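In: Sequence plus the predicted model coming up.
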Amino acid sequence: MIIEDVMKVDVVTLSENESIQKAIEVMREHKIRHIPIVDDDNQLIGLVSNQDIRDATPSIFHSNEHLEDLQKPLSSIMKTNLITGHPLDFVEEAAAVFYENHIGCMPILSEGKLVGIITETDLLHTLVELTGAHQPGSQVEIKVPNKAGALSDLTSIIKSKKANIHSVLVYPDKKDPSYKILVFRLQTMNPLSVVQALKENGFEVLWPQIPESVL
């Protein structure tokens, strides 16, 4: 999946000459936490977050003091050293950038102009959709040797039990790199027959842990 498929394109922006007070009002109105700052050609020149706003405004204990600070331009608080993306970048690569750099959003540029924005919330929503976690179903985790063909063998067994697969995730076994964990999200609330078939074919099922007496 590419960023173009998940980014927001109706981006709320401001100019660097707008006031901090204006940014506060815009964030409240649109219920957003980040505002890209653009020039007259829609080229990105900065970014203001709700944290930048909090750092620049008086505390609640001094809310009536230094009100003139709220009239300062956004150029005085905006971040300019920004990490950006392209609409054709992969979502999983963008997620890694978020994780490694501890950022909350990523402006998306094409030919130097702002065309969208992606946030932590967008990535979380995408993860939920990709894993099928928002749909009724069950989860089965299997430990398999880290070699070719394991996924094909497992899907054949699941198919034989007429269970539909919502999603498949693969991650390494932290205790033994010669194994990996495959996580299947199935379109069934009762995976008992699938678990039984997997165990009969010699696979180690980590979840659900169903007693042998039940199988």
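Out: Now that the structure is in, tell me what you want to look at.
In: now the strands for the protein?
Out: Along the chain, the stretches classed as strands by DSSP state E are 34-38, 44-49, 105-110, 113-119, 138-145, 165-172, 179-186, 204-207.
In: Need the CA coordinates for the shortest one. PDB is fine.
Out: Extracted C-alpha coordinates of strand 204-207, given in PDB (Å, rounded to 0.1, in the frame of the first residue of the first chain):
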ATOM      1  CA  GLU A 204       3.100 -25.800  16.800                       C
ATOM      2  CA  VAL A 205       0.100 -23.600  17.500                       C
ATOM      3  CA  LEU A 206       0.900 -20.900  20.000                       C
ATOM      4  CA  TRP A 207      -2.600 -19.400  20.100                       C
END
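In: just to revisit the earlier point, check the strands of the chain for me and report the most buried one.
Out: Of the strands of the chain, the one with the most neighbours on average (mean count of other C-beta atoms under 10 Å) is strand 34-38, at a mean of 23. Every C-beta, even on glycine, is put in place using the N, C-alpha and C of the backbone.
In: Could you list every helix and strand in contact with it?
Out: Strand 34-38 sits against helix 20-30, strand 44-49, strand 113-119, with contacts defined as 3 or more C-beta pairs under 8 Å, 6 or more residues apart in numbering; DSSP states H and E.
In: Enumerate every residue touching Val97.
Out: 83, 85, 103, 106 (C-beta atoms under 8 Å, 6 or more residues apart in numbering).
In: Which two of these have the greatest separation?
Out: Gly85 and Ile103 (10.7 Å; C-beta to C-beta).
In: These two: who's more crowded?
Out: The neighbour comparison of Gly85 against Ile103 (other C-beta atoms under 10 Å) goes to Gly85, with 22 against 17.
In: Can you check the pLDDT for that one?
Out: Gly85 is assigned a pLDDT of 98 by the prediction.
In: again, but for Lys8
Out: pLDDT, Lys8: 97.
In: looking at it, it is touching Asp122, isn't it?
Out: Yes: using C-beta atoms under 8 Å, Lys8 is in contact with Asp122, at 7.0 Å.
In: neighbour count winner among those two?
Out: Asp122 (19 against 15).
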